[in-house]
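Q: Sequence first, predicted model second:
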Amino acid sequence: MLKLNAVKLLNDKGITKYKLFNELNTIRSKKGEKLMNYTNFLNIINQKNKSVLYQDLDELCDALNCEINELLIRE
């Protein structure tokens with residue numbers, strides 16, 4: 001099973017969830033895309049969703065300055 005490793009990356013990098021949320025929306029804003037609401041963001045980060053868009057994964061990698069193999073782990 002694939003799992004999102006975002007919370008560990010946040011802790012390792014000393015970044016808050018709120019700061020990551022703002023960074024993701026900054027990335028989306030620069031691309032002229034619809035902003036993410038905080039509830040949806042928390043559902044993704046806390047793995048409450050059964051699926052995640054490739055766009056969300058790509059933007060999380062950008063915001064966390066990591067590669068996809070750091071963001072996703074297989075258990």
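A: Nice, thanks for sending it over. Residues are numbered from 1 along each chain as shown.
Q: Going along the chain, name the helices of this protein.
A: 6-13, 17-30, 38-45, 54-64, 68-71 (DSSP state H).
Q: and the ones you listed as a markdown table, adding mean pLDDT and mean neighbour count?
A: C-beta coordinates here come from the backbone N, C-alpha and C atoms, glycine included. Output for the helices of the chain, formatted as a markdown table (pLDDT from 0 to 100; neighbours: other Cβ atoms under 10 Å):
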| stretch | mean pLDDT | mean neighbour count |
| --- | --- | --- |
| helix 6-13 | 95 | 14 |
| helix 17-30 | 97 | 15 |
| helix 38-45 | 96 | 15 |
| helix 54-64 | 96 | 17 |
| helix 68-71 | 96 | 14 |
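Q: measure the spatially most central residue of the chain to Glu23 for me?
A: Nearest to the mean C-alpha position of the chain, by Cα atoms, centre = their mean, lies Leu60 at 3.6 Å. As defined by Cβ to Cβ, to the nearest Å, Leu60 lies at a distance of 9 Å from Glu23.
Q: cool, and Lys17?
A: Taking Cβ to Cβ, one finds Lys17 at 11 Å from Glu23.
Q: What is the distance between stretch 14-27 and the centre of its chain?
A: 8 Å (Cα atoms, centre = their mean, to the nearest Å).
Q: Apologies, that question was intended for stretch 5-25.
A: Worked out by Cα atoms, centre = their mean, stretch 5-25 lies 7 Å from the chain centre.
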